[in-house]
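Chemist: this is the structure alone, sequence omitted:
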């Protein structure tokens, strides 16, 4: 058998695979796996609490990527270079698809499984996810009341505040329409960005013109469809969230004090890009 030990006492590569990583970056080092895999701390002896923790931590990682991509898309729309925005928004939609599938895994937990560790959650609730709130703000669902649960975390609150006060992805898309020559009033392109966008006939007319002549406005047409994709997947995620909660806890109140399923059902009626959906009926 060949000697695979190097003369300096370290392992030599065998079949092209290095076996000694002392002083070198390994897979686990690069990904910070020691910290990541040590971040699960069940507070009960219930078997399913580990599932609950990992599912929600994975969702937070996916949401971090969504925020990264949406912010890049906003910058691309601001610059008028829409190619990177299309790529980023397509990625957001694929991430949302993964997050929807995660509800299938959580649905393997029965009501009895959940109740076995629910007291350990205290007042914690997905309602308090600052990243979820950040995504809503970035897409245009501005509601300053939703910042309350984060007031005790100065850095998080400041980031949310800055996002609340800045134009959303849809705001920037509307402003792009104006820069491309569509007749849009100041009340929709220069306004208080802390407030959510309200449907406006001039915005709907501009998008209608884009859809009426897609060859002339191809990149704007594609932008509109990418926005619809994002909201479509987002609403599917909301629906699966609602049905999973109903399956596991029924109509009980949420741990953070929300109305649970009732709150989630109301969220399904909210839209980020109202004119783009209204056009589906009118075209």
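Modeler: Nice, I can see it. Everything numeric in this text was worked out from a predicted model, so none of it was measured.
Chemist: which residues of the chain score low on pLDDT?
Modeler: Counting by pLDDT under 70, the chain shows low-confidence ranges at 1-16, 18, 252-260, 263.
Chemist: which parts of it are helices?
Modeler: 27-31, 33-37, 49-79, 82-106, 111-115, 130-139, 154-164, 169-179, 186-189, 201-212, 218-249, 261-267, 274-282 (DSSP state H).
Chemist: list the buried ones in the last one?
Modeler: Within helix 274-282, the residues scored as buried using 16 or more other Cβ atoms under 10 Å are 274, 275, 276, 278, 279. Bear in mind the C-beta positions are built from the backbone N, C-alpha and C, glycine included.
Chemist: contacting residues around it?
Modeler: For helix 274-282, contacts defined as Cβ atoms under 8 Å, 6 or more residues apart in numbering pick out 197, 199-200, 203-204, 207-208, 211, 224, 227-228, 231, 271.
Chemist: with the fourth one instead?
Modeler: When contacts are defined by Cβ under 8 Å, 6+ apart, helix 82-106 is touched by residues 51-52, 55, 58-59, 62, 65-66, 69-70, 72-73, 76-77, 219, 222-223, 226-227, 229-230, 232-234, 236-237, 240-241, 243-244, 248.
Chemist: dump the helices of the chain into TSV; add distance to residue 17 as well.
Modeler: What follows is those, written out as TSV (distance: least, Cβ to Cβ, whole Å):
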stretch	distance to residue 17
helix 27-31	12
helix 33-37	19
helix 49-79	29
helix 82-106	30
helix 111-115	41
helix 130-139	38
helix 154-164	42
helix 169-179	45
helix 186-189	58
helix 201-212	54
helix 218-249	40
helix 261-267	49
helix 274-282	51
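Chemist: what's the burial count for the closest residue in space to residue 29 that isn't next to it in sequence?
Modeler: Nearest non-adjacent residue to residue 29, counting by Cβ to Cβ, 6 or more residues apart in numbering: residue 21, 7.8 Å away. By the criterion of other Cβ atoms under 10 Å, residue 21 has 13 neighbours.
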